[in-house]
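K.L.:
One predicted model, sequence on top.
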Amino acid sequence: MSRYLVERLNPTFGYFYKAGKTLHRGKTKWQNLEIIESEEFGNVLLLDGVTQVTSRNEFLYHEPMVHPALASHPDPRDVLIIGAGDGGILREVLKHPVQKAVMAELDGGVVDFCDKLMPEINAGAFADKRYRLEVGDGRKFVEGTKERFDAVIMDMTDPFGPSVMLYTKEFFQHVKATFKDSKSLFVMHTESPISRPNTFKQCHRTLAEVFIYRRTFYLYIHMYAVLWSITVCSDGTDVAEISPAEIAARLVARGIGGLHAYSPQTHHSMLGEFPFISDLLADLHSVPVITDASPVVLDDIDINRGSLELREVPASPAKPKAPATAKATAKAKATAKAKAKARPSAAKAKTKAFVKANAGKRR
């Protein structure tokens, strides 16, 4: 009997995939964790039943979350990561010549769980001496830290429940206060213009209240099964202005190679905007800013109710017909014989009626 996980992207749209065996189940102070096998995705991390990261094609998310911003910065030394307990973001950050990478993660149990059971995601990054883990609320860390950063990368769950407080105008202002200088950048995913267009617009309207430059990279992400968006913000660095030649030179100088989703060419191709997205962004004032006083998103995206699980049940075989008894067989034969005998009489009666009705008529 097969198990299928159904992920809701909104109340009327989503996708499914077939799950294999469970490799491990656990529980932290905050949530339930499970790692399953999947023919489509490789190993999959589920938190409270919702897909978080997959071992196959995870680079489609992690590389664009890091390299467009850090390759656009001339010398990224200090980086703050909010969330991202699986270690994929950290792995990509440490490919650059950073001196310090701080990760503020609410659930330290996720970090331990992923390091032990999905080590292919962090690929040794958790052992790097430049890395420091700060277990606790990411917003509280940002509001209280005296450290300053060249880049802040936020890899959070979607904006529902407590997580929505990391999508407000006030929080973005706190993030900006941690910038080292005007060249510093902030990166976050900004939802899907396909499945969550209103929240996509709200994220952009809210970011526009705080940052001068906001450039969005669009790509299909396998584990989300939909067109997604990642936005890079700054007051002094416009990531759309850097040339492919300059990006290539920086990647070579930093010894970065072997990437699967990011290149000097895809940096600019991912910035390409479909006309329907341009129309959405031209209409930002039709949606409200997300604020601390009103932390409300318009789309219903509370997928944290957990994935639906479907189980494939073999079809029941058709029940065989009961064998006919001798009495029933005899009765059926008698009925058939009576019907056959009645057919000629009926035909004769119809013929007589026709002749009588047409007597004297010319042909």
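P.N.:
The structure has been received and is ready for your questions.

K.L.:
okay but Arg91 is in contact with Glu63, surely?
P.N.:
No: between Arg91 and Glu63 there is no contact under Cβ atoms under 8 Å: 9.9 Å. For glycine as for every other residue, the C-beta is placed from the backbone atoms N, C-alpha and C.

K.L.:
mind listing the helices for this protein?
P.N.:
Along the chain, counting by DSSP state H, helices occupy 59-72, 88-93, 108-117, 119-122, 138-144, 169-177, 197-208, 244-253, 264-269, 275-281, 326-358.

K.L.:
For those helices, give me a markdown table that also has mean neighbour count, distance to Phe13 and mean pLDDT.
P.N.:
What follows is these, written out as a markdown table (neighbours: other Cβ atoms under 10 Å; distance: least, Cβ to Cβ, whole Å; pLDDT from 0 to 100):
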| stretch | mean neighbour count | distance to Phe13 | mean pLDDT |
| --- | --- | --- | --- |
| helix 59-72 | 24 | 20 | 98 |
| helix 88-93 | 27 | 26 | 98 |
| helix 108-117 | 18 | 28 | 93 |
| helix 119-122 | 19 | 27 | 96 |
| helix 138-144 | 18 | 29 | 97 |
| helix 169-177 | 19 | 28 | 98 |
| helix 197-208 | 22 | 12 | 98 |
| helix 244-253 | 14 | 35 | 98 |
| helix 264-269 | 16 | 26 | 98 |
| helix 275-281 | 13 | 16 | 97 |
| helix 326-358 | 9 | 54 | 55 |
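
K.L.:
Walk me through the domains of the protein.
P.N.:
2-54, 59-303, 326-363 (automatic domain parsing).

K.L.:
ok, the residue nearest the centre of the chain - contacts?
P.N.:
The residue lying closest to the centre of the chain (Cα atoms, centre = their mean) is Tyr224, at 2.8 Å. Tyr224 makes contact with 9, 61, 192, according to Cβ atoms under 8 Å, 6 or more residues apart in numbering.

K.L.:
Look at the closest residue to Asn32 other than its chain neighbours and report its pLDDT.
P.N.:
Nearest residue to Asn32, sequence neighbours excluded (Cβ to Cβ, 6 or more residues apart in numbering): Asp48, at 5.4 Å. Note for Asp48: predicted pLDDT of 87.

K.L.:
any idea how far Ile89 is from Asp48?
P.N.:
Distance from Asp48 to Ile89, counting by Cβ to Cβ, to the nearest Å: 21 Å.

K.L.:
now Thr237
P.N.:
Relative to Ile89, Thr237 is positioned 19 Å away (Cβ to Cβ).

K.L.:
just Phe16 next, same as before
P.N.:
Per Cβ to Cβ, Phe16 is found 27 Å from Ile89.

K.L.:
Ok, Leu251 next?
P.N.:
Leu251 sits 18 Å away from Ile89, going by Cβ to Cβ.

K.L.:
Check Ser163 too.
P.N.:
Note on Ser163: its distance to Ile89, by Cβ to Cβ, is 16 Å.

K.L.:
One more: Trp228?
P.N.:
Noted for Trp228: a distance of 15 Å to Ile89, by Cβ to Cβ.

K.L.:
same check, this time on Thr266
P.N.:
With distances taken as Cβ to Cβ, Thr266 is found 18 Å from Ile89.

K.L.:
how much space between Asn57 and Leu219?
P.N.:
11 Å.

K.L.:
So those two - more neighbours on which side?
P.N.:
Remark: of Asn57 and Leu219, Leu219 carries more neighbours, 18 against 15, as counted by other Cβ atoms under 10 Å.

K.L.:
which residue sits closest to that one in space, ignoring its chain neighbours?
P.N.:
Using Cβ to Cβ, 6+ apart and skipping the chain neighbours, the partner closest in space to Leu219 is Met270 (5.4 Å).

K.L.:
my guess is the one you found meets Phe217, correct?
P.N.:
Yes: using Cβ under 8 Å, Met270 is in contact with Phe217, at 4.0 Å.

K.L.:
So the two - more neighbours on which side?
P.N.:
Per other Cβ under 10 Å, whichever of Met270 and Phe217 has more neighbours is Phe217, with 26 against 19.

K.L.:
residue contacts, the more buried one?
P.N.:
For Phe217, the contacting residues are 64, 68, 229-232, 270-271, by Cβ under 8 Å, 6+ apart.

K.L.:
what does Ala245 give?
P.N.:
Ala245 is in contact with Pro264, counting by Cβ under 8 Å, 6+ apart.

K.L.:
Check the gap between it and Leu251 for me.
P.N.:
Counting by Cβ to Cβ, the gap from Ala245 to Leu251 is 11 Å.

K.L.:
Glu39 touches Gly20, doesn't it?
P.N.:
Yes: the pair Glu39 / Gly20 is scored as a contact, 6.7 Å apart, by Cβ under 8 Å.

K.L.:
quick one: which of these two has more around it?
P.N.:
Each of Glu39 and Gly20 has its neighbours counted (other Cβ under 10 Å); Gly20 has more, 16 against 10.

K.L.:
ok, the more buried one to Thr54 distance?
P.N.:
With distances taken as Cβ to Cβ, Gly20 is found 12 Å from Thr54.

K.L.:
Can you pull the residues that touch both of the two?
P.N.:
Taking Cβ under 8 Å, 6+ apart as the criterion, Gly20 and Thr54 both touch Ser38.

K.L.:
measure Val66 to Ala151 for me?
P.N.:
9 Å.
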